[in-house]
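Chemist: turn this into a model:
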Amino acid sequence: MSQFMVAGLEVRRSGLPVVRGVELEVTSGRISVVLGANGAGKTTFLEGLSGSIPISGGRIVLDGTELQRARPGARARAGLAHIEEGRTVFRHMTLDQNLRVASHPSTKGTWAYELFPELKARRNTKAGLLSGGEQQMLVIARALVGRPKVVLIDEMSAGLAPVVVTRLMRAVRQLADDGLAIVLVEQFPALALTVGDRAYVMRRGRMVYTGACAELKESPGHLHHLYLGDSD
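Modeler: Numbering: from 1, shown residues only. Coordinates of the predicted model:
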């Protein structure tokens, strides 16, 4: 079982603190959901974890190996995958070619169609012509090529219809049930709390709540207060 731990994480942008003293844990088979209003520091937090931007303090530990000083490539090889917001695909290549570029020759990306069977009929369609939901499925599948232990997912539901978001949430839950550890930053708290296990709420760069997703889901008023109120 893999264990991913973040302790005292500090991240600055232009010299100003954006993420301050953040703690988080997630293990194989579990989903840690990170919630918070726009500007709370959620994306910066994930970028600091993956190495997209440097951190100024704290520890990032995966299965006993400290990664806070490692380059992004080394973190990926250690088992950390980052699905960034924006659904970046090779637009002039087909869906199948997008998968083959990233896949090991022995798999040829076919396993992705097991996770998302609806993509199979679109395999010869250029990625730029896919719907937003199909592109997001492709991006998720492509991130799994390296067989990561931990997957960081940033706002995968942005700009998508609720029915598509529900489908993607089911897939994320399936990935966790299959043994991945997942950190999910999400703008739809109700859906995210339904599939997640542990909830974290970030405000002004700090975690102001840690608890069970089921407990927070049953207290929407408390969640609203955590987003906007004074609970430090």
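Chemist: who's in contact with the residue lying closest to Thr125 once chain neighbours are set aside?
Modeler: Nearest in space to Thr125, with sequence neighbours left out and distances taken as Cβ to Cβ, 6 or more residues apart in numbering, is Leu95 at 5.7 Å. For the C-beta atoms, the positions are set from N, CA and C on the backbone; glycine is no exception. Residues in contact with Leu95 (Cβ atoms under 8 Å, 6 or more residues apart in numbering) are Leu119, Arg122, Arg123, Asn124, Thr125, Lys126, Ala127, Leu130, Glu134, Leu138.
Chemist: quickly find the element holding the most centrally placed residue in the chain.
Modeler: The chain has Ile153 as the residue nearest its centroid, 1.3 Å off, counting by Cα atoms, centre = their mean. Assessed by DSSP states H and E, Ile153 sits inside strand 150-154.
Chemist: can you check Leu9 too?
Modeler: Here Leu9 is assigned to strand 3-13, by DSSP H and E.
Chemist: what residues sit buried inside that strand?
Modeler: Gln3, Phe4, Met5, Val6, Leu9, Glu10, Val11, Arg12 (16 or more other Cβ atoms under 10 Å).
Chemist: got the contact list for the second one?
Modeler: For Phe4, the set of contacting residues under the criterion of Cβ under 8 Å, 6+ apart consists of Glu25, Val26, Thr27, Val61, Leu62, Asp63, Leu80, Lys149, Val150, Ala181, Val183.
Chemist: if you set the cut-off to 7 Å instead, what comes out?
Modeler: Residues counted as contacts of Phe4 (Cβ atoms under 7 Å, 6 or more residues apart in numbering) are Glu25, Val26, Leu62, Val150, Ala181.
Chemist: please, where are all the strands along the protein?
Modeler: For the chain, the strands defined by DSSP state E occupy 3-13, 16-27, 31-35, 57-62, 65-66, 80-83, 150-154, 181-185, 198-203, 206-212.
Chemist: reformat the ones you listed as a markdown table; add distance to Leu226 and mean pLDDT.
Modeler: Formatted as a markdown table, these follow (distance: least, Cβ to Cβ, whole Å; pLDDT from 0 to 100):
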| stretch | distance to Leu226 | mean pLDDT |
| --- | --- | --- |
| strand 3-13 | 19 | 97 |
| strand 16-27 | 15 | 96 |
| strand 31-35 | 8 | 98 |
| strand 57-62 | 22 | 98 |
| strand 65-66 | 30 | 96 |
| strand 80-83 | 25 | 95 |
| strand 150-154 | 20 | 97 |
| strand 181-185 | 15 | 98 |
| strand 198-203 | 4 | 97 |
| strand 206-212 | 5 | 96 |
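Chemist: which among the ones you listed is found nearest to Glu114?
Modeler: Closest approach to Glu114 among the strands of the chain (Cβ to Cβ): strand 150-154, 16.9 Å.
Chemist: how far does the closest one sit from the chain's center?
Modeler: Put simply, strand 150-154 sits 3 Å off its chain's centre (Cα atoms, centre = their mean, to the nearest Å).
Chemist: tell me the angle it makes with strand 31-35.
Modeler: Angle of strand 150-154 versus strand 31-35, following axes from the mean of the first three to the mean of the last three Cα atoms, to 10 degrees, is 30 degrees.
Chemist: sheet partners, orientation included, of strand 150-154?
Modeler: If you go by DSSP bridges, strand 150-154 pairs up with strand 80-83 (parallel), strand 181-185 (parallel).
Chemist: the first one: which residues count as buried?
Modeler: Residues Leu80, Ala81, His82, Ile83 are the ones in strand 80-83 that count as buried (16+ other Cβ under 10 Å).
Chemist: if I read this right, the first one contacts Val151, doesn't it?
Modeler: No - here Leu80 does not reach Val151: they are 8.2 Å apart, not a contact under Cβ atoms under 7 Å.
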